[in-house]
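Peer 1: Give me a 3D structure for the following:
(3 chains, ligands or ions: 2)
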Amino acid sequence: MVGFVSVALFCAPFATLTYAVPGHLAGHALPPGLRVLVPLGRSIRVGMILADEPAPPQGVEIKPLVWPLERAPLLDAAYLDMIDNLAARQMCHPGRVLGQILPTGLRQSKVVFTAPEKARLRRQTPRALLEATPQEATELAAQWAAGVMQVSGAGRGPERALRLLVDPPWPVRPGATARIALLDYLYERGQTPLSVVTGYFGRDMGPVIRALGQLGLVEMGACDGTSPDGEDSCLAPAAAPCPPEAPEEVSDAPLTDEQCAAMAHLSPLLCAPGGAVRLVHGVTGSGKTRLYLELARQCLDMGRSVVLLAPEVALAGHLYRAVREALPDATVILSHGSLSPAAREAAFRRAAAAREPVVVVGARSALFLPVAAPGLIVLDEEHDASFKQEERLGYQAKEVAFFRARREGGLLVLGSATPDVKTYHAAARGAVPCVVLSRRAGTSQPPEIEIVDMGQTVKAPSRQAGPGGGKPPERTAVLAQASAAALAETVARGEQAIILLNRRGYAPVLYCLDCETVLSCPDCDLAYTFHKTRQRLVCHYCGRTQDFPAPCAKCGGTHFLPLGAGSESLAEELSGVLPPGTAVARLDRDSAARPGRTEEILAEFASGASRVLVGTQMLSKGHHFPRVTLVIAADADMGRNLPDYRAAERTFQLLVQVAGRAGRGDIPGKVLIQTRNPGDPFWELVRGADYQGFFSQELARREKWGYPPFSKLALVRISFPKDDPAGFTALSDVGRVLREAATAAGGGVRVLGPAPASLPLIGGRKRYHCMIKSPDWPAIRVLFAKVRAVVPRGSEVRISLDLDPVDML
DNA sequence: ACCAGTGTATCC
DNA sequence: GATACACTGGTA
Ligand SMILES: [Zn+2]
Ligand SMILES: [Zn+2]
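Peer 2: Ligands and ions are numbered 1, 2, ... in the order given. Down below sits the predicted model:
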């Protein structure tokens, strides 16, 4: 043995383990960033070399690694530092991070080596390499070094299926219930793909299947013909139709004065050693994309790569086309979550192997393409929530991008018309200098925004209802009369309209018709949600509850309205407003269930096949419909008052963004914002797209109530099976331990809750959460580390930490 | 004595 | 995640 390396495993147990370099690989470079096959127990796994290990750990047998999977490292030192950083933030092994961000093909140990032998190619399995004699291994190592020994993925091959070889009665003992169940199942269904079998019985069937195979009762073979499920491989989504064109047309026109000034500020920062961050605060239509492309061109000229990120796949596609057009000679790599595994792997490998600077364009995950030392990273629409990955490995792309820019010496550009309040706060403090584009670049006119008073739309519920009464009115209309009239006119003119709604399916927020505010928690300044079954109002931040019905705590009023009510009957309402036969398209979470379906609906609408599109926020994201001249934000009040401290910020961003997109073209657009409280100064700020005004108002509120950026927020999520008696014990333990730890930590760390989650039951599991407010992140990690220890290992209680939660769900 | 089925500790 | 080993409760 000639030394040791530490290897991070890509699958459980994800640990970083020490392996010896075997003699036959002595002369070969095994640098960090190289993938290797290693033995673990009796199996062979893939991992990544993280470092040379000078002193192996004592007391364990150190095994030699089996074989490298590439000749040159896939990842460089800076990338591995980023992995370490992510692992530290998430308090997990680097291997787990790698297991999440590498394309599947690069994490599989099922590979085949081929090496020439007597004028023929001989296949070598990893196991054969493990068991090779030192002499064979040395010969193969020489072939590997010479490049004549190759490695390839095992190929997915046809899916394997299970087939019966015997007829009943089964030659097994009557007590062997699992075996009998499997045999009966196969008898009934005939040949069945393995994935269907494991899907039906669960993962624990593995040993049973193998035992029956050895007994010769079942056979594992290639699928022939169709599966009895009819579940064939035609499920791949059809190629999505071309989405509507990008809103910001990028021309060759000379830069505006403002754009020139911005370039003068930004271009010296490209490839800045030690990194630099700048906010580009540019109103819609001010030509931010143009700026990005100019910067990208200069960065490539300096010999460094560029990463351009958009919040959504469709937007990344627009950006990709713009880059191809503006920089026709550059190598451009598109990467996002909707690519096939093979395409993702190809993009990853291209980025890793690139010798010339490249441009990477994509959504969030494209940030993890291993391009060497990008000199420019752009996050367009930096305020967008989708830059934070929620599930599995949680990360905030903005933070990761910042890390990369600093570590590898690049400029990070955060672009938005309506920046994240936290980003703008950093800009206002001078921590992130800001470049402003305040004028529209083209000739297009901003749309007209009108605030529509909904106050008269609902007949107020009978005033004689005594205290404690407060029944909601029988029927509420979604559209105010003025909106309905505008809609009818628009359609009559042959133009199109969009009606924006909020997401449904949560417990409602109640609006007091007497004082025109929502019922809210006095400790958190957060809307209560009404839980009908418990007849209570609940604050999802601190868990405070209040009986309901009861008079309004602020004004004593007894007339309430659930926000967002009535949208179920919108279709009916529309049919009363629109001429008979007018086509109305719908876009919501359900209709967008299938990948590609969203784009289909949008393309159909863009083609003019339907006149009115009813949908949620996903509409706002950069889709452009030139024939849409009317946008109605139907329940803006609901968005403004959602139980989330960022509700106002999100609503401001959404509405300003929508307004910027309406009716671009020769026809001026109109945006109608419906509210029951037109006197709220917030709406005037939206109407004027007055970001500064909104920012100072919102910042004051955040400071008063101790929300970010004046504190760090984290959510400890706890879930357990709904009839697990250990669940509630664990829940109260978690709350108690968190509180104790917070008191011990001092320094203003506060714990709220536990409170039930907004979706209190998912998949038979009850869900709760505790919120932590802290002056800094480390204190939160310390608390979480303590509380994680109180949940017994192997229990059904699951606990996770969400830093700066975007969605409380 | 033996085995099927299940639970659980370990893997450099 | 895969595997081996230890344990349980049943059959022969
Ligand atoms: Zn009131
Ligand atoms: Zn509260």
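Peer 1: so what's the closest residue to A:A507 other than its chain neighbours bridging to?
Peer 2: Closest residue to A:A507 apart from its sequence neighbours, by CB to CB, 6 or more residues apart in numbering: A:T529 at 4.0 Å. Every C-beta, even on glycine, is put in place using the N, C-alpha and C of the backbone. Per DSSP bridges, residues listed as beta-bridge partners of A:T529: A:V509, A:V538.
Peer 1: list the contacts for A:T529?
Peer 2: A:Y506, A:A507, A:P508, A:V509, A:L537, A:V538, A:H540, A:P643, A:S758 (CB atoms under 8 Å, 6 or more residues apart in numbering).
Peer 1: Likewise for A:F201?
Peer 2: By CB under 8 Å, 6+ apart, the contact set of A:F201 is A:A181, A:L182, A:Y185.
Peer 1: Could you measure from it over to ligand 2?
Peer 2: According to CB to the ion, to the nearest Å, A:F201 stands 45 Å off from ligand 2.
Peer 1: ditto for A:G608
Peer 2: Counting by CB to the ion - A:G608 and ligand 2 are separated by 48 Å.
Peer 1: A:V166 now?
Peer 2: 64 Å.
Peer 1: repeat for A:G287
Peer 2: When A:G287 is compared with ligand 2 (using CB to the ion), they lie 43 Å apart.
Peer 1: How much space separates that residue from A:Q692?
Peer 2: According to CB to CB, to the nearest Å, A:G287 stands 20 Å off from A:Q692.
Peer 1: Might you enumerate the residues of chain A proximal to ligand 1?
Peer 2: Proximity of chain A to ligand 1, by CB under 5 Å from the ion, involves residues A:C512, A:D514, A:C515, A:C552, A:K554, A:C555, A:G557.
Peer 1: What is the neighbour count of the fifth one?
Peer 2: By the criterion of other CB atoms under 10 Å, A:K554 has 14 neighbours.
Peer 1: How about the fourth one?
Peer 2: The criterion is other CB under 10 Å. On that basis, A:C552 has 20 neighbouring residues.
Peer 1: List the residues that contact A:L75.
Peer 2: Contacts of A:L75 (CB under 8 Å, 6+ apart): A:P32, A:G33, A:M48, A:I83, A:A352, A:P370.
Peer 1: out of those residues, which are inside helices?
Peer 2: Judged by DSSP state H, these include A:I83, A:A352 as members of helices.
Peer 1: Near A:D84, how many other residues are there?
Peer 2: By the criterion of other CB under 10 Å, A:D84 has 14 neighbours.
Peer 1: same thing with the one 3 residues further on?
Peer 2: Burial of A:A87, expressed as a neighbour count using other CB under 10 Å, amounts to 20.
Peer 1: Just name the closest of the contacts of A:F201 to A:V790, please.
Peer 2: A:A181 (38.1 Å; CB to CB).
Peer 1: Can you name the helix or strand that the closest one falls in?
Peer 2: Using DSSP states H and E, A:A181 sits in helix A:177-189.
Peer 1: quick revisit: closest to DNA strand C out of the contacts of A:T529?
Peer 2: Of all those, A:S758 has the smallest distance to DNA strand C: 28.1 Å, by CB to the nearest atom of the strand.
Peer 1: Who are the contact partners of the closest one?
Peer 2: Per CB under 8 Å, 6+ apart, neighbours of A:S758: A:Y506, A:A507, A:T529, A:H540, A:P643, A:M808, A:L809.
Peer 1: Show me which helix runs longest in chain A.
Peer 2: As assigned by DSSP H, the longest helix anywhere in chain A is helix A:725-745.
Peer 1: and that one, does that touch DNA strand B?
Peer 2: No. Using CB under 7 Å from any atom of the strand, helix A:725-745 never reaches DNA strand B; the gap is at least 13.4 Å.
Peer 1: which helices and strands does that helix pack with?
Peer 2: strand A:712-721, strand A:750-762, strand A:765-774, helix A:777-790 (3 or more CB pairs under 8 Å, 6 or more residues apart in numbering; DSSP states H and E).
Peer 1: Buried residues, the first one. List them.
Peer 2: Spelled out, that is strand A:712-721. A:K712, A:L713, A:A714, A:L715, A:V716, A:R717, A:I718, A:S719, A:F720 (16 or more other CB atoms under 10 Å).
Peer 1: Hey, what's the angle from that strand to helix A:777-790? Just curious.
Peer 2: Between strand A:712-721 and helix A:777-790, the angle comes out at 20 degrees (axes from the mean of the first three to the mean of the last three CA atoms, to 10 degrees).
Peer 1: try the second one
Peer 2: Taking the same axes, to 10 degrees, one finds that strand A:750-762 is oriented at 60 degrees with respect to helix A:777-790.
Peer 1: Send me strand A:750-762 as CSV with only the CA atoms.
Peer 2: Output in CSV follows, covering the C-alpha atoms of strand A:750-762 (Å, rounded to 0.1, in the frame of the first residue of the first chain):
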residue,chain,number,x,y,z
ARG,A,750,-36.5,32.8,21.2
VAL,A,751,-38.5,29.7,20.5
LEU,A,752,-42.2,29.8,19.4
GLY,A,753,-44.5,26.9,19.3
PRO,A,754,-44.8,24.0,18.7
ALA,A,755,-47.7,24.9,16.4
PRO,A,756,-49.5,22.7,13.9
ALA,A,757,-48.3,23.1,10.4
SER,A,758,-50.5,24.7,7.8
LEU,A,759,-51.1,21.3,6.3
PRO,A,760,-51.4,19.4,9.6
LEU,A,761,-51.7,15.9,8.1
ILE,A,762,-49.9,14.6,5.1
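Peer 1: Perfect, that will be all.
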